[in-house]
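Asker: the sequence and its predicted three-dimensional model are supplied below.
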Amino acid sequence: MRDLMELLCDYLMLEDKRARGVALTAAQHARWITLLKALPGTGSAPGPGPEKERVEDGALVELTANGRFEAARLMGISRDGLRMRIQHPLLPGTQTLVRVIAEGPRTEYVYPCVVAWCDGHVMGLRFDGRPSRALLLRSEAGDWQCPLNLQTGWGVRATSARA
């Protein structure tokens, strides 16, 4: 998984440079061409997968969803986007961040995306911007699963103020 995320991140960073009109060096251009040929893609987000795709297939990832973080299963990857299975799908056009953690060494990849289509609990996302990559030095560093309730503070009791 880590190797694929590295290739995808490199491709998207080079593609972002091209989109902004930044000239690629000869080595960067050669790398971009190689990645363009190596990573599958059609110019749009991956479509629905095979009908026999099992719910438990795919790598666990996290994404931002309506002011919270949600777990999803990454079912398909292309140079243009991702296909995932999620309990509470987002509406087409919704912007989100997809977070993938790969081991060896533990690295976080964050891909900005826009929901392209949704069919039941499966949705396709197209990439929308420059990804980020960060080496995680501690196992708990950067965990998004922290249950912060912005309306009531931490825990089950509502925060109250007294004069």
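Answerer: Perfect, thanks for sending it.
Asker: contacting residues around stretch 25-41?
Answerer: Contact with stretch 25-41 is made by 7-8, 10-11, 14-15, 17-18, 24, 78-80, as judged by CB atoms under 8 Å, 6 or more residues apart in numbering. To be clear about C-beta, it is placed using only N, CA and C from the backbone, and glycine gets the same treatment.
Asker: and the lengthiest strand in the chain, which residues are buried?
Answerer: Ordering each strand of the chain by length in residues (DSSP state E) puts strand 107-119 first. Judged by neighbour count (16 or more other CB atoms under 10 Å), strand 107-119 contains these buried residues: 107-118.
Asker: just list the residues touching the residue nearest in space to the middle of the chain, thanks.
Answerer: By CA atoms, centre = their mean, the chain has its centre lying nearest to V98, at 2.5 Å. By CB under 8 Å, 6+ apart, the contact list for V98 reads 61-63, 72, 74, 82, 84, 110-111, 113, 125.
Asker: with L125 instead?
Answerer: Counting by CB under 8 Å, 6+ apart, L125 has contacts 45, 81-84, 96, 98, 113-116.
Asker: and P40, how many neighbours?
Answerer: 11 (other CB atoms under 10 Å).
Asker: any idea how far V22 is from V114?
Answerer: As defined by CB to CB, to the nearest Å, V22 lies at a distance of 22 Å from V114.
Asker: so, low pLDDT: which residues of the protein?
Answerer: 50-56, 138-163 (pLDDT under 70).
Asker: helices of that one, residue ranges please.
Answerer: 2-19, 26-38 (DSSP state H).
Asker: burial of the closest residue to G120 other than its chain neighbours, as a residue count?
Answerer: On the basis of CB to CB, 6 or more residues apart in numbering, the spatially nearest residue to G120 that is not a chain neighbour turns out to be P89, at 7.5 Å. For P89, the tally of surrounding residues (other CB under 10 Å) stands at 20.
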